[in-house]
Each structure stands twice: as C-alpha cells, then as structure tokens.
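Enquirer: model this:
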Amino acid sequence: MRITVDIEADVLEDAMRLTGESKKGPAIVKAAQGFIRREMAREFGRKLTEGEFGDYPMTNDEIEDFDR
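Expert: Residues are numbered from 1 along each chain as shown. Reported below is the predicted structural model:
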C-alpha cells in the first residue's frame, strides 16, 4: 500500500541509519515493524504478569527462576 507522510529529515535519517536501509521506504517499513513487534511484546508481557492467561503453566516467579 502506498501512503504519503511528512517526516522530519533528521527522523528519516535516523531511521535509515538505525535500520541499515539506504532507501527511505524500506527504512520506514522496517522501523514500523520493529515498533509494532516491541509494543506487541510489551502488551503480551503486561497481560502475562496481570494473569490474563489463567491457564498459563508458569507463574511470574517461576519464569524469573527459569531465567536464572
């Protein structure tokens, strides 16, 4: 899908540098995908720690012990 957006030059340059992309479009797509992935992981973690998944087999303490 094609869209037109206004992005400040320094923000676009940062997106290109941080994503390693040399073209504007792919840099913005990669940056948006990364943002979405992080937010979804954050949302999942919040739901997990709030007990929204009642049938999840491990408690938060068990997960923390497992990571050690």
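Enquirer: host element of the nearest residue to I7 once chain neighbours are set aside?
Expert: Closest residue to I7 apart from its sequence neighbours, by CB to CB, 6 or more residues apart in numbering: I28 at 7.4 Å. Where C-beta positions appear, they are placed from N, C-alpha and C, glycine not excepted. Following DSSP states H and E, one finds I28 within helix 24-49.
Enquirer: how about that helix: buried residues?
Expert: Using 16 or more other CB atoms under 10 Å as the test for burial, helix 24-49 gives A27, I28, K30, A31.
Enquirer: now do it, average pLDDT.
Expert: Average pLDDT, helix 24-49: 94.
Enquirer: other SSEs contacting it?
Expert: When contacts are defined as 3 or more CB pairs under 8 Å, 6 or more residues apart in numbering; DSSP states H and E, helix 24-49 packs onto helix 9-19.
Enquirer: quick one on the thing from earlier: distance from the chain centre to the helix holding I28, please.
Expert: 2 Å (CA atoms, centre = their mean, to the nearest Å).
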